[in-house]
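Peer 1: only geometry, no sequence info:
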């Protein structure tokens, strides 16, 4: 990493502008997401999805963000932080599934709906794929926090340990965490099996891409 | 007000559960609004508005809440609080129009769109009516803060003064504030003139209802 990379590091919004403005920026951006989704001008003219399809997307996004999705995960995370070792693994999984995977779920499922996916089973398979890679991403993030330096990460390494956050390496150890990453990658790909391999290729490679990030400096440890 | 009324006073969300949970509750409720709007089951079967009409409502709500509406007003309010007398009156109006009136605007305009209002001029008139009663509500609220007791208000009286907030009574005096209330009520009703008086009656009475709240104890002062 050279000096140019280091200069690109920016403080997070709440550090740069304070928490009240960051909270308001969050509310503005959340509203903007729904505004963009609901505006016909947001879609290329050769796509122009029917309004009923757009409504399904809005409903899906609202569910993934709200009290059954991201917000539920964040609340569970807040309630668990500081408890450290006593947090059961299924609670940590609940947090990751809701706080992180829900947004990947929204991204994948919205794409499927907007693209014209109408078979509920196909959409359900993509939803499960997205949950797998969401959890995968989070387990890899946990692993990187204990195996890489701050400079390599682009954020402060070891901060999960300092903040007493429950992570997979802390709860089941580094090797078992890496095994879990492989399992999740395998399961994610299983959910893609029924699709045309050429069309599913970007999603398959995305799962591999996240998985490999967790192994990058395996040889250095 | 009897003891039963007093018992019904509840602390606000951030007092009862702390700011982080209150912020998350806000995000959850904002998402819920879009979820309800986008769900066909939210509408009575004899209404079932066409999806394109619902999309217009979602876009309208998102605009009223986001960086051009509520959020803009709250940011301007935060930046102005503590400056007291030096805040110009048009800045105070900007805050009220965006922070308070935008939500009344959304309520009125969404009703018009869902109900089948298709004439852009009619919708624009309702929008202006809503802005008037939104500002009206806020000026009345400013007046009540200096003229009524906490018990009568159901919240702490005089807190605008304590918090150094710019209010209409502080900037233009109590009498001129009450004149402004009358003007706004008059203007609000003017925007309703082109509508069927029977259908517009609830909106007209709402403007009167808010106006009268500002005069309740005029004789006591």
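Peer 2: Arrived safely, thanks for sending. Predicted model only: the values in this text are computed from it and were never measured.
Peer 1: mind checking the longest helix of chain A?
Peer 2: helix A:120-147 (DSSP state H).
Peer 1: and it, what's its mean pLDDT?
Peer 2: Mean pLDDT, helix A:120-147: 94.
Peer 1: what is that helix packed up against?
Peer 2: Identification of packing neighbours for helix A:120-147 by 3 or more C-beta pairs under 8 Å, 6 or more residues apart in numbering or on different chains; DSSP states H and E yields helix A:89-96, helix A:102-114, helix A:159-162, helix A:168-172, helix A:174-190, helix A:197-213. For the C-beta atoms, the positions are set from N, CA and C on the backbone; glycine is no exception.
Peer 1: which residues does the last one contact?
Peer 2: To tie it back to what came earlier, the one meant is helix A:197-213. A:108, A:126, A:129, A:132-133, A:136-137, A:140, A:144, A:181-182, A:184-185, A:188-189, A:192 (C-beta atoms under 8 Å, 6 or more residues apart in numbering or on different chains).
Peer 1: quick revisit: now the longest helix of chain A: buried residues?
Peer 2: Residues of helix A:120-147 classed as buried by neighbour count (16 or more other C-beta atoms under 10 Å in any protein chain shown): A:123, A:125-147.
Peer 1: and it with helix A:174-190, angle?
Peer 2: If you take axes from the mean of the first three to the mean of the last three C-alpha atoms, to 10 degrees, helix A:120-147 sits at 160 degrees to helix A:174-190.
Peer 1: give me the angle between helix A:120-147 and helix A:102-114.
Peer 2: Helix A:120-147 runs at 150 degrees relative to helix A:102-114, counting by the same axes, to 10 degrees.
Peer 1: off-centre distance for helix A:120-147?
Peer 2: Distance of helix A:120-147 from its chain centroid, counting by C-alpha atoms, centre = their mean, to the nearest Å, is 7 Å.
Peer 1: got the angle for that helix vs helix A:89-96?
Peer 2: Using the same axes, to 10 degrees: helix A:120-147 against helix A:89-96 is 110 degrees.
Peer 1: now do helix A:120-147 and helix A:197-213, the angle between them.
Peer 2: Here helix A:120-147 runs at an angle of 20 degrees relative to helix A:197-213 (the same axes, to 10 degrees).
Peer 1: hang on, the earlier thing: and the contacts of helix A:197-213, which two are furthest apart?
Peer 2: A:126 and A:144 (26.3 Å; C-beta to C-beta).
Peer 1: first-to-last residue distance for stretch A:40-52?
Peer 2: End-to-end distance for stretch A:40-52: 12 Å, by C-alpha to C-alpha, to the nearest Å.
Peer 1: chain center to it: distance?
Peer 2: 26 Å.
Peer 1: do the same with stretch A:16-32
Peer 2: The chain centroid and the centroid of stretch A:16-32 are separated by 20 Å under C-alpha atoms, centre = their mean.
Peer 1: who touches that stretch?
Peer 2: Contacts to stretch A:16-32, defined as C-beta under 8 Å, 6+ apart, come from residues A:10, A:12-14, A:65, B:23, B:26-27, B:30-31, B:62-63, B:65-67, B:70-71, B:74-75, B:78.
Peer 1: do stretch A:42-51 as well
Peer 2: For stretch A:42-51, using C-beta under 8 Å, 6+ apart, the contacting residues are A:36, A:40, A:114, A:116, B:50, B:51, B:52, B:54, B:55.
Peer 1: what number of residues lie near the last one?
Peer 2: In other words, residue B:55. Residues lying near residue B:55 (other C-beta atoms under 10 Å in any protein chain shown) number 23.
Peer 1: tell me the contacts of it?
Peer 2: Here residue B:55 is in contact with A:38, A:40, A:51, A:54, A:55 (criterion: C-beta under 8 Å, 6+ apart).
Peer 1: nearest to residue B:95 among these?
Peer 2: The closest of those, once distances to residue B:95 are taken by C-beta to C-beta, is residue A:38, at 26.7 Å.
Peer 1: that closest one against residue B:62, yeah?
Peer 2: Yes - counting by C-beta atoms under 8 Å, residue B:62 is a contact partner of residue A:38 at 6.6 Å.
Peer 1: from chain B, how far off is the one residue sitting closest to the centre of chain A?
Peer 2: Closest residue to the average C-alpha location of chain A: residue A:100 at 3.8 Å, with C-alpha atoms, centre = their mean. Distance of residue A:100 to chain B, computed by C-beta to the nearest C-beta, to the nearest Å: 16 Å.
Peer 1: over to residue A:64?
Peer 2: Distance, residue A:64 to chain B, using C-beta to the nearest C-beta: 9 Å.
Peer 1: tell me the contacts of that residue?
Peer 2: A:70, A:102, A:103, A:105, A:106.
Peer 1: which of those are close to chain B?
Peer 2: Applying C-beta under 8 Å from any C-beta of the partner chain to these, one finds that residue A:70 fall near chain B.
Peer 1: tell me which two in the contacts of residue A:64 are the farthest apart.
Peer 2: Checked with C-beta to C-beta, the contacts of residue A:64 reach their widest spread between A:70 and A:105, with 10.2 Å between them.
Peer 1: least trustworthy helix or strand in chain A by mean pLDDT?
Peer 2: helix A:150-153 (a mean of 58; mean pLDDT, DSSP states H and E).
Peer 1: so residue A:127 sits against residue A:108, correct?
Peer 2: Yes - the pair residue A:127 / residue A:108 is scored as a contact, 7.1 Å apart, by C-beta under 8 Å.
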